[in-house]
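>>> need a structure here:
(chains A and B)
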Amino acid sequence: SAVISQKPSRDICQRGTSLTIQCQVDSQVTMMFWYRQQPGQSLTLIATANQGSEATYESGFVIDKFPISRPNLTFSTLTVSNMSPEDSSIYLCSVSSSGNSDTQYFGPGTRLTVL
Amino acid sequence: DQQVKQNSPSLSVQEGRISILNCDYTNSMFDYFLWYKKYPAEGPTFLISISSIKDKNEDGRFTVFLNKSAKHLSLHIVPSQPGDSAVYFCAASGATNKLIFGTGTLLAVQP
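Purely as a prediction, here's the structure:
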């Protein structure tokens, strides 16, 4: 499976600021995804990062709040904009290498705390 | 609407015994199911998966069973080891690549 890294691993941010999280994969992958895990809850898909085009967002998530880039097949960023304490979560990227219903492999996650 | 449910938030098992983690789903369009293990401060680690055309898949100590008529799957770990102590998530996907996760079960394997 691919080796996935995320930066930063954790951060503490002030309300109203923005944080950009990077996801780097050691090989080219077809699909990249961003998830959120709020405290005590399950993983929720934020969006699918599409290479060379706009991300596809799930219900309840919007581009203005969570802009995503995917400039190539090995890298993606997620920005959490205008943060509030409710954005305190673990943010995870995942990848899969084929198009349909395949296994996803996860990065180590970024633990974000918003004060 | 929780499409994937893990009704047991926690499970405690003695080392060497069998651990059985359960998962129920409501969407009959799901055709691929996965189990992940998650340690604190780490991302989920893929364990095992099963396609809807099968009813059993085995990989070492881990076996997943799928009962499509009951919309139920289970993960069996035999024998259980203290290092298996973690949160276990089941997940399901359908025609898209989107994974829908359950709420997780915290497994504690007692030495």
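>>> Chain B contacts on chain A?
Within chain A, the positions near chain B by C-beta under 8 Å from any C-beta of the partner chain are A:1, A:4, A:31, A:33, A:41-45, A:48, A:58, A:92, A:94, A:96, A:99-109, A:111. C-beta here means a position set from N, CA and C on the backbone, and glycine is covered the same way.
>>> which stretches of chain A form strands?
A:4-7, A:10-13, A:19-25, A:31-37, A:43-49, A:56-57, A:68-72, A:75-80, A:89-96, A:105-106, A:110-114 (DSSP state E).
>>> Which of the residues of chain A next to chain B are buried? Put it as a PyMOL command.
Provided next is the PyMOL selection string for whichever of the residues of chain A next to chain B are buried by 16 or more other C-beta atoms under 10 Å in any protein chain shown:
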select buried, chain A and resi 4+31+33+42+43+45+48+92+94+96+101+102+103+104+105+106+107+108+109+111
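>>> ok so, going back, make JSON lines out of the strands of chain A and add mean pLDDT.
Shown next, in JSON lines, are the strands of chain A (pLDDT from 0 to 100):
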{"stretch": "strand A:4-7", "mean pLDDT": "97"}
{"stretch": "strand A:10-13", "mean pLDDT": "97"}
{"stretch": "strand A:19-25", "mean pLDDT": "98"}
{"stretch": "strand A:31-37", "mean pLDDT": "94"}
{"stretch": "strand A:43-49", "mean pLDDT": "95"}
{"stretch": "strand A:56-57", "mean pLDDT": "95"}
{"stretch": "strand A:68-72", "mean pLDDT": "95"}
{"stretch": "strand A:75-80", "mean pLDDT": "97"}
{"stretch": "strand A:89-96", "mean pLDDT": "95"}
{"stretch": "strand A:105-106", "mean pLDDT": "94"}
{"stretch": "strand A:110-114", "mean pLDDT": "97"}
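>>> center of chain A - which residue?
Centrality entry for chain A: nearest residue to the mean C-alpha point is A:Trp34, 3.2 Å, by C-alpha atoms, centre = their mean.
>>> surely it meets A:Tyr91?
Yes: if you go by C-beta atoms under 8 Å, A:Trp34 and A:Tyr91 touch, sitting 6.7 Å apart.
>>> who touches both of these two?
Common contact partners of A:Trp34 and A:Tyr91 (C-beta atoms under 8 Å, 6 or more residues apart in numbering or on different chains): A:Ile46, A:Leu78.
>>> does the residue nearest to the centre of chain A have beta-bridge partners, and which?
A:Ala47, A:Cys93 (DSSP bridges).
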